[in-house]
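Participant: predicted model follows, preceded by the sequence.
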Amino acid sequence: MKMTNAGLFSCAIMMVFLAGCGSTPLDKRWTNDKAPTLIPMPANGEEVPTLWVSSVPSDPGSRPKPKDLADHAAASYFTQLGKFAKSSDEFSKLAGKSIGAADSSVDNTSFDRTLVLTVSKNGWHPGDRLARLRIKLSPIDFKFSNYTIAASSYSTVNIDSLSIVRGATAGAEVDPTVGGFLAGSSKLTAGYSNQTTNAAQVSAQIEQLTVSFDNDDLILYRESEQGIDLTGTTLIKLTFRLKSPDDDSSVDHLLYVSDMKLFSDDAEPLTPAKASISFSDAALARPRDLFVKGSMEYVLRHIEKGADTYSETDDEVTFYSNPATPASPCYKVLSHEEMAQPRWMIETDQSAPLFINTQYGARQVIFFAYSDGTEFLNWINRSHPSAIGKQALQIADRENISQLKSLEPKSSAYPKFIIHRISDTQSTNSCK
């Protein structure tokens, strides 16, 4: 086989290139023949990396709509809707609503939050970096649940698709066959999607990001490749759930007004016989602060020589590890102000609370929305009712609140009602 001068020149260039690659330690993590020894960081040193933990509210997600279903599931769902809808307009309205009936009950013993974990290194050279992190969070008097997503600057682990599928199964209540055709159900075999990026110089992820649970503790592990500093923020979407709320003396169970029909379409008050009101359950935790204990293990790569270049292949480094006994400070992740559920009661201008007879007995008239409370207040002060439908209205006796007396409709002695915000009693809780 003959080769042209150009071909020989190209081969020569390729051989020089390969020889150069073979002599350049692009795949080495350090210039020493042996791995550097981990040196424990002094426990009280000013240069110890720090951890800060907080949280912000997160969107709990919404129920899927028919358009989110696969073709066969949507067809089956619309067939079932056609059996319930009495007109084309009603069918259109039902088709645009989310699948599954909205649950009007309120569970204020769980809170959808996004944990914000921030790690910073203090007083180190700009070229130094954190190469490995293991953060342990131990919740106090509550549990972590419903973990769906973790994200950092370099990597994202997302299992939120499971939440979507779990919500979509509500369609099975309409037609059992819907469950077999749920959009995205084929992804259940994988369980989650792991989005990663490969580094150019080494065949590895630029960051390994994992979240696991050890009993009630959350374990976050991060490990990086060349040039990646793990300082910064990691976000973890999950739920804070109070332990055993049914047996917790700091949880109040009550009924609140979840729906009512008091005015006609032209804003005229309905008669007490035609008016209606309904209630739903609510479990309300007495407001308190929630804390976690957090500890951090790490490996910090400190450059002794070679910081003047971006390449790490010529660095002489020292690796520092966390103190033998990492600190476990407390962090407030939910305040009692955020836990409080705003609510309003109806009472007379003489501070006598209004009660209504329900299937559970006499209950206070309580609203979670101020606008609903003012609408009710407008109606009762204009209509002077003694009942709503067949549900009698009563007020508490000023001398003995356990004694209730009926209202006399259309009488001059009919009381004037006002709306009053209920003040919460804060439960004591501290970081133990």
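Facilitator: Structure's in. What do you need? Just so you know, these numbers come straight off a predicted model, no measurement behind them.

Participant: all the strands of the stretch 151-300 of the chain, in order from the start?
Facilitator: Counting by DSSP state E, counting those that start in this stretch, one finds strands in the stretch 151-300 of the chain at the ranges 156-158, 193-195, 207-214, 217-224, 232-242, 251-261, 276-285, 290-305.

Participant: what's the closest of those to Ser321?
Facilitator: Taking C-beta to C-beta as the measure, the strands of the stretch 151-300 of the chain were each checked against Ser321, and strand 290-305 came out nearest at 5.7 Å. (Each C-beta comes from the backbone N, C-alpha and C, glycine too.)

Participant: now that closest one: buried residues?
Facilitator: Buried positions in strand 290-305, judged by neighbour count with 16 or more other C-beta atoms under 10 Å: 290-296, 298-303.

Participant: output the contacting helices and strands for it.
Facilitator: In terms of contacts (3 or more C-beta pairs under 8 Å, 6 or more residues apart in numbering; DSSP states H and E), strand 290-305 is packed against strand 50-57, strand 129-140, strand 316-321, strand 330-334.

Participant: rank those by mean pLDDT and give me the bottom one.
Facilitator: In terms of mean pLDDT, the lowest-scoring of the helices and strands packed on strand 290-305 is strand 316-321 (a mean of 84).

Participant: what lines up beside it in the sheet?
Facilitator: Strand 316-321 has its sheet partners listed here by DSSP bridges as strand 38-40 (parallel), strand 290-305 (antiparallel).

Participant: flag every buried residue along that strand.
Facilitator: Under 16+ other C-beta under 10 Å, the buried positions of strand 316-321 are Val317, Phe319, Tyr320, Ser321.

Participant: swap in stretch 422-432?
Facilitator: For stretch 422-432, burial by neighbour count (16+ other C-beta under 10 Å) applies to Asp424, Ser427, Asn429.

Participant: could I get the helices and strands packed on strand 290-305 as a markdown table with distance to Gln391?
Facilitator: Listed next are the helices and strands packed on strand 290-305 as a markdown table, based on distance: least, C-beta to C-beta, whole Å:
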| stretch | distance to Gln391 |
| --- | --- |
| strand 50-57 | 36 |
| strand 129-140 | 42 |
| strand 316-321 | 68 |
| strand 330-334 | 37 |
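
Participant: most neighbours per residue, which of these?
Facilitator: Counting by mean count of other C-beta atoms under 10 Å, strand 129-140 has the highest mean neighbour count of those, with a mean of 20.

Participant: any idea which of the strands of the stretch 151-300 of the chain has the lowest pLDDT on average?
Facilitator: The stretch with the lowest mean pLDDT among the strands of the stretch 151-300 of the chain is strand 193-195, which comes in at a mean of 30.

Participant: I'd like the distance from the closest residue to His384 other than its chain neighbours to Leu393, if you could.
Facilitator: Excluding its sequence neighbours, the residue lying closest to His384 (C-beta to C-beta, 6 or more residues apart in numbering) is Tyr414, at 4.6 Å. Shown here: Tyr414 relative to Leu393, a distance of 11 Å by C-beta to C-beta, to the nearest Å.
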